[in-house]
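Undergrad: Fold the following, please.
(chains A and B)
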Amino acid sequence: MSEDESPPLDLRPEPPCSSSSAVDSTPNKSRNCISSSTASQTFPDHVLENVLENVLQFLDSRCDRNAASLVCKLWWKVEALTRSEVFIGNCYALSPARLTQRFKRVKSLVLKGKPRFADFNLMPPDWGANFAPWVSTMAKAYPWLEKVDLKRIFVTDDDLALVAESFPGFKELILVCCEGFGTSGIAIVANKCRKLKVLDLIESEVTDDEVDWISCFPEDVTCLESLAFDCVEAPINFKALEGLVGRSPFLKKLRLNRFVSLEELHRLLLGAPQLTSLGTGSFSHDNEAHHQSEQEPDYAAAFLACKSVVCLSGFRELMPEYLPAIFPVCANLTSLNFSYANISPDMFKPIIHKCHKLQVFWALDSICDEGLQAVAATCKELRELRIFPFDPREDSEGPVSELGLQAISEGCRKLESILYFCQRMTNAAVIAMSENCPELTVFRLCIMGRHRPDHVTGKPMDEGFGAIVKNCKKLTRLAVSGLLTDQAFRYMGEYGKLIRTLSVAFAGDSDMALRHVLEGCPRLQKLEIRDSPFGDVALRSGMHRYYNMRFVWMSACSLSKGCCKDVARAMPNLVVEVIGSDDDDDNRDYVETLYMYRSLDGPRKDAPKFPLLREKAPCISDRSCSEVEQAWVCLQYQRRYSSLEPLRGGTGGVKAISNYGLVLEGMRRAKARGFSDVSH
Amino acid sequence: MAYEKVNELNLKDTELRLGLPGTEEVIQEQEFSCVRSNKRPFESNDEEAREEEASTPPTKTQIVGWPPVRSYRKNNSSVSYVKVSMDGAPYLRKIDLKTYKNYPELLKALENMFKFTIGEYCEREGYKGSGFVPTYEDKDGDWMLVGDVPWDMFSSSCKRLRIMKGSDALALDSAL
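TA: Below is the predicted model of the structure:
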């Protein structure tokens, strides 16, 4: 969640007039330092640089670092030398070469790829976000790399092999919502990364290459602190796992997959009482191994021995009769994830009544409103709640409703983040939450039936969401649903001043709705919209914002290709991807999906199938569009301006600004708010 | 362009059809307001897509990616063991409904497990021929005949199974 708090990374190119090679102690440096202290005039620059380096190395927050890099060229340079953790929220906002040119001593990379809507099959599988160019560039530039954290990136086994070979000190591999690799790639990492502390595979698709990757860990004592493989849909060698856990004295977090049975879990727990975070695996019997006549292991005793467990998840194939085994750890739990367990309220209540310290709770709606009332009664420290639908269809039964939401709002006053799937809701309950939970930063409500109104009053859900944006003054992330008119968006534009991420589906009446948001929400970074009646007028109204945003996604709206072209033409550093599909012939001007994002390095070269349309002249005829018959249309336009770099600190050095009026205005406003420049 | 509310009246509900349950075809309705979002999902696995289409309840058209739940969550959510009892058998068994994709697979597994044969299903008369009738208890606590509703609906609402035999079964048959 830290990314939601800090502004984007500033990755502007180095000003052209300074020397390109970053040698540390060159005496003749350009004297662009704004500082008026006499020190800079009497001491050589390299002394100042060393002092600065010693100070800046303590800056951790990228927010602070971005600000520091804007002070002057010297600070820019020294900050670049001392930044060891780099965060890139959109892998296509810049090229790997740009990363390695600017930052020379990177030890840790966080990289994000596809937009979130890709999770719901709204993007073709071969769209991109490949790790390959990044790993091959970093292999040469950062041999000291220690950590890689990827989200929604396509990673291959070869990429993983390259990681294992290129970085001898590699410590942490975290893959969230990734795909493209399998157990063979994981095996290579396990085998070759001798300093590995963290191997976390989270919600990723891992192909089963039938490789015993657990056995590939080296035989001696490991450095492992965290091993999470609950998403791996492949059987594992339990004996090897038991051995691995036995020789991993630092292991604190262990998340098992559903191929680990309850008996096996029991054995592991007896050997690893120091665990703080546990994913329990299937939590059911291995049918062949279990006979009713045999003595059952004392599961509760195993859990009793795990006094340090504060985070519990798993329960992938839960046999509910064994749930009471976790009673001994409930009182210590700060995080509990039941979102794979179909538990009824009766099974659930005895457990939750013991969980007084719970701060994070994920579950299926099978616990019903009744279960949520029990949560509200007990979990006074709750910060984050996620309720997923057991039956994720529009017209399924809805075991949770406004009653559950109301109860939570009354009982859990410290709530900061909520994701709630339901079939019916009322404005009253949402308003109640807005009033009872002032700490809310994330409010995501998904009423699964499209265009569904308040089921008691029959009115749109405008007032409920309006109250949320108005009363929850810290709100940074919002997802809306149900029947919503333009009024809801008027509220968002008026009150949602801190909103960074907005998710809209099947909502609004007209372009005005989107305009309210684009004109009223100055902190908006990520905008994802589907199936809403927003068109060209709305899109144009946001042009003053797009350079200050990470991305905009609009699918099944009312956009025309002509307008997208206009936007692309007017904004040279915006990559505008128009994603079509086969049967668009009858409606050529219609845009199925628009995905656009700022980029310092222009259109990407790895777009699937279709060659990029590059036009030097600003005028694009319809003919070029009509030639498109493939499944993909990628439109990117970039004018080349020979000597001017459009994105620089302040306005110094930019002589002709008439073509960059839009850019500079955005930059000026952003800087006035203390943000860094137009950047990724 | 405003999106209209989905029609309340759906003639599909009253349509008379022949065919086994669970093999319902879903015809993508061509209302313009929905047609763009009714595109085939971008799935690499064709089989998966067909299975998803076939298991859609008949009343609403399939919308890609809605509700916004990741696919691995959808798969795992229906994992649950149900008890199976057979009249006259000394002990119960448990099966994971998730491992079966349709009625024939389930019935075959039950036949193997308890060593018997189930008769032929037909919509009008239930199971004919063997004196065994598979029934299940649904979410509301009612005992229903296996096979009437689409597979997907059955597997998510089935709480336990009971294979009736002998006089109980005959009574059920004649009641139909």
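Undergrad: In a strand, A:H455, correct?
TA: No. Applying DSSP: H, G, I helix; E, B strand; the rest coil, one finds A:H455 to be coil, outside a strand.
Undergrad: That one - nearest residue in space that isn't next to it in sequence?
TA: A:R424 (4.1 Å; CB to CB, 6 or more residues apart in numbering or on different chains). In short, each C-beta sits where N, CA and C put it, glycine included.
Undergrad: How about A:G411?
TA: With sequence-adjacent residues excluded and distances taken as CB to CB, 6+ apart, A:G411 is closest to A:A376, at 2.7 Å.
Undergrad: shouldn't that neighbour be in contact with A:L405?
TA: No. Counting by CB atoms under 8 Å, A:L405 is not a contact partner of A:A376; they are 9.9 Å apart.
Undergrad: For those two, indicate the residue with more neighbours.
TA: Neighbour totals were compared for A:A376 and A:L405, and A:L405 leads with 27 against 23 (other CB atoms under 10 Å in any protein chain shown).
Undergrad: Now do the same for that one: helix, strand or coil?
TA: Using three-state DSSP, the structure places A:L405 in helix.
Undergrad: Just to be sure, A:L445 is in a strand?
TA: Yes. Under three-state DSSP, A:L445 falls within a strand.
Undergrad: burial of A:E435, as a residue count?
TA: Neighbours around A:E435, by other CB under 10 Å: 13.
Undergrad: in whatever helix or strand it lives in, what counts as buried?
TA: Secondary structure from DSSP states H and E places A:E435 in helix A:427-436. By neighbour count on 16 or more other CB atoms under 10 Å in any protein chain shown, the buried set for helix A:427-436 is A:N427, A:A428, A:A429, A:V430, A:I431, A:A432, A:M433, A:S434, A:N436.
Undergrad: contacting residues for the closest residue to the fourth one other than its chain neighbours?
TA: Right, A:V430. Among residues not flanking A:V430 along the chain, A:G464 sits closest, at 3.1 Å (CB to CB, 6+ apart). By CB atoms under 8 Å, 6 or more residues apart in numbering or on different chains, the residues touching A:G464 are A:M425, A:T426, A:N427, A:A428, A:A429, A:V430, A:I431, A:S434, A:D454.
Undergrad: what separates the residue nearest to A:G411 from chain B, distance-wise?
TA: Noted for A:A376: a distance of 24 Å to chain B, by CB to the nearest CB, to the nearest Å.
Undergrad: need the contact list for that residue.
TA: Counted by CB under 8 Å, 6+ apart, A:A376 has contacts A:A407, A:I408, A:E410, A:G411, A:C412.
Undergrad: and those residues as JSON lines, adding distance to A:S284?
TA: Putting the contacts of A:A376 into JSON lines (distance: CB to CB, whole Å) gives the following:
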{"residue": "A:A407", "distance to A:S284": "31"}
{"residue": "A:I408", "distance to A:S284": "30"}
{"residue": "A:E410", "distance to A:S284": "36"}
{"residue": "A:G411", "distance to A:S284": "32"}
{"residue": "A:C412", "distance to A:S284": "31"}
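Undergrad: Any quick PyMOL command for the buried ones out of those residues?
TA: Selection of the buried residues among the contacts of A:A376 in PyMOL, burial being defined by 16+ other CB under 10 Å:
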select buried, chain A and resi 407+408+411+412
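Undergrad: Tell me the one of the contacts of A:A376 nearest chain B?
TA: Nearest to chain B out of the contacts of A:A376 is A:I408 (CB to the nearest CB; 19.9 Å).
Undergrad: Helix, strand or coil: sort out the residue lying closest to that closest one once chain neighbours are set aside for me.
TA: Leaving aside its sequence neighbours, A:I408 sits nearest to A:A376 (CB to CB, 6+ apart; 5.1 Å). What three-state DSSP gives for A:A376 is helix.
Undergrad: How much space separates A:A376 from A:L382?
TA: 8 Å (CB to CB, to the nearest Å).
Undergrad: which neighbours do the two share?
TA: A:I408, A:G411, A:C412.
Undergrad: want to throw the residues you listed into a markdown table with pLDDT and secondary structure?
TA: Formatted as a markdown table, those follow (pLDDT from 0 to 100; DSSP: H, G, I helix; E, B strand; the rest coil):
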| residue | pLDDT | secondary structure |
| --- | --- | --- |
| A:I408 | 98 | helix |
| A:G411 | 98 | helix |
| A:C412 | 98 | coil |
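Undergrad: who touches the residue in the stretch 51-200 of chain A that chain B sits nearest to in this structure?
TA: Distances between the stretch 51-200 of chain A and chain B by CB to the nearest CB are smallest at A:F120, namely 3.1 Å. By CB under 8 Å, 6+ apart, the contact list for A:F120 reads B:V64, B:G65, B:W66, B:P68, B:V69, B:R70.
Undergrad: got a pLDDT number for it?
TA: Predicted confidence (pLDDT) for A:F120: 94.
Undergrad: for A:E577, phi and psi?
TA: Note on A:E577: backbone dihedrals following degrees, to the nearest 10 are phi -110, psi 130.
Undergrad: For A:C311, which residues count as its bridge partners?
TA: Beta bridges link A:C311 to A:S277, A:S335, judged by DSSP bridges.
Undergrad: tell me the contacts of it?
TA: Contact analysis of A:C311 by CB under 8 Å, 6+ apart lists A:K253, A:T276, A:S277, A:L278, A:L333, A:T334, A:S335, A:L336, A:V360.
Undergrad: can you put the residues you listed in TSV and add pLDDT and neighbour count?
TA: Shown next, in TSV, are the contacts of A:C311 (pLDDT from 0 to 100; neighbours: other CB atoms under 10 Å in any protein chain shown):
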residue	pLDDT	neighbour count
A:K253	98	17
A:T276	97	18
A:S277	98	19
A:L278	97	26
A:L333	98	23
A:T334	98	17
A:S335	98	19
A:L336	98	25
A:V360	98	19
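Undergrad: tell me the secondary structure for whatever residue of chain B ends up closest to chain A?
TA: Closest to chain A within chain B is B:G65: 3.1 Å, counting by CB to the nearest CB. Following three-state DSSP, the label given to B:G65 is coil.
Undergrad: picking up where we left off before, tell me which element the residue nearest to A:V430 falls in.
TA: Per DSSP H and E, A:G464 falls inside helix A:462-471.
Undergrad: Distance across stretch A:146-164, terminal residue to terminal residue?
TA: With CA to CA, to the nearest Å as the measure, stretch A:146-164 spans 11 Å from end to end.
Undergrad: I am finished for the moment; much appreciated.
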